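In: need a 3D model of the sequence below.
(one chain, ligands or ions: 1)
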Amino acid sequence: MDETPTWRRGSLTGNSELCFSFGVIADIQYADLEDGYNFWGSRRRYYRHSLHLLQSAVDEWNKEDSQLEFVLQLGDIIDGFNAQHKTSESALRRVMNKFKKLRIPIHHTWGNHELYNFTRDYLTQSELNSKSLEDQIFLGSAASGQDSPGATAEEHYYAYHFSPVPKFRFILLDAYDLSILGRDKSTQKYQDSLKLLKEKNPNENLNSPTGLAEPQFVEFNGGFSQTQLDWFNEVLAFSDTNQEKVVVVGHIPVHPGSSESVCLAWNYKDALSVIHSHQCVVCFLAGHLHDGGYYLDSHGVHHLTLEGIVETPPESHAFGTIYVYDDKLVLKGRENLHDDAYSFKPDK
Ligand SMILES: Nc1ccn([C@@H]2O[C@H](COP(=O)(O)OP(=O)(O)OC[C@H](O)CO)[C@@H](O)[C@H]2O)c(=O)n1
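Out: Predicted structure coming up:
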């Protein structure tokens, strides 16, 4: 029996009013290298061509009308191979030069490949830190500072929120706040993350999910600290109070329905329980799983995992524009990313 609620499938068009639109793109993973394959050898990776796909996405977005407010870059902007070839900075420059042709703000999420290439301190100082686009709203104590007083930049998480138009808010989460990637070994977060990872994953290769009860506990994933979850909770409480609709953005999916278990955030259940304790969240946007995925959860939250550009063949594409209406999101996908509409649950 089809249990899809009647409000789930919005029409691609309709009578409701268009509020604004934004672009989405995930897992570009550019490197000036010949094509390769994913770890299992099952999917080709077009490292060099991903730059051309980005260029054509930018060209398409530039042709769109003035209601395109911003672009969300969902992480893994360059591939980890750049670190081995000492081309991290030049690869990033090439990709950012493409993005600069856009005349609208770009919000950057950090994925595992950012952390293969750069330290957190470097990322914080770089153009991949788009936190200056954050909204200033008054929140409670959990949001006033990050982590413990006196914590260094190395210990911080990279998360912020913004409201492009009244009644809609976007929250970018740091899915590698708990991680051994990109953090200095001397930091408490590195030590705590390594301890947690080793407790959950006894394999010698911490990237291997073999035999794990919770396969998401691999090195190429990460999780959310309690401090970040407290901050997230406070932003969502603000949005509930102000009757906003919220789209949450993170590199790693947080719902098993929208991802293979090996590509979920370590403590995805904690993130989900914060989301489900509020009314306002309508959608969670992620990358990381290059096949993409979609799931409508029992609380009416649409979980959309975007396909990865790096595994998109040159003759195809996988970016999109999402049109925001007062009752739904409408995805205009390109090629591999298909058109769809995601209605808001009536009590949202
Ligand atoms: N079973 C595995 C899987 C991966 N690795 C190694 O882990 C590193 C990251 O893998 P990679 O596939 O490059 O990560 P992505 O973020 O691009 O993709 C995530 C999902 O797989 C996409 O669907 C890399 O060094 C791998 O070799 C491993 O050792 N064992």
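In: got the contact list for stretch 96-105?
Out: 51, 54-55, 58, 61-62, 68-71, 73, 106, 127, 130, 133 (C-beta atoms under 8 Å, 6 or more residues apart in numbering). Glycine gets a C-beta too; all of them are placed from N, C-alpha and C.
In: the residues you listed in strands, which ones?
Out: If you go by DSSP state E, these have 68, 69, 70, 71, 73, 106 in strands.
In: distance of the residue nearest to residue 126 when sequence neighbours are not counted from residue 188?
Out: Excluding the flanking residues, the one nearest residue 126 by C-beta to C-beta, 6 or more residues apart in numbering is residue 118, at 7.0 Å. Computed as C-beta to C-beta, to the nearest Å, the residue 118 to residue 188 distance reads 21 Å.
In: and residue 118, how many neighbours does it have?
Out: 22 (other C-beta atoms under 10 Å).
In: oh, I was asking about residue 36
Out: The number of residues packed near residue 36 is 15, by other C-beta under 10 Å.
In: show me what the lengthiest strand in the chain is packed up against.
Out: When the chain is parsed with DSSP E, its longest strand is strand 18-25. When contacts are defined as 3 or more C-beta pairs under 8 Å, 6 or more residues apart in numbering; DSSP states H and E, strand 18-25 sits against helix 50-63, strand 68-73, strand 160-165, strand 320-325.
In: the residue of the chain found nearest the ligand: helix or strand, and which one exactly?
Out: Here the chain gets closest to the ligand at one residue, residue 207, 3.3 Å apart by C-beta to the nearest ligand atom. Using DSSP states H and E, no element contains residue 207; it sits outside every helix and strand.
In: count the residues that sit near it.
Out: Neighbours around residue 207, by other C-beta under 10 Å: 13.
In: now render the helices and strands packed on strand 18-25 as JSON lines, adding distance to residue 250, mean pLDDT and mean neighbour count.
Out: Below are the helices and strands packed on strand 18-25 laid out as JSON lines (distance: least, C-beta to C-beta, whole Å; pLDDT from 0 to 100; neighbours: other C-beta atoms under 10 Å):
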{"stretch": "helix 50-63", "distance to residue 250": "21", "mean pLDDT": "96", "mean neighbour count": "18"}
{"stretch": "strand 68-73", "distance to residue 250": "11", "mean pLDDT": "97", "mean neighbour count": "21"}
{"stretch": "strand 160-165", "distance to residue 250": "12", "mean pLDDT": "95", "mean neighbour count": "18"}
{"stretch": "strand 320-325", "distance to residue 250": "16", "mean pLDDT": "96", "mean neighbour count": "22"}
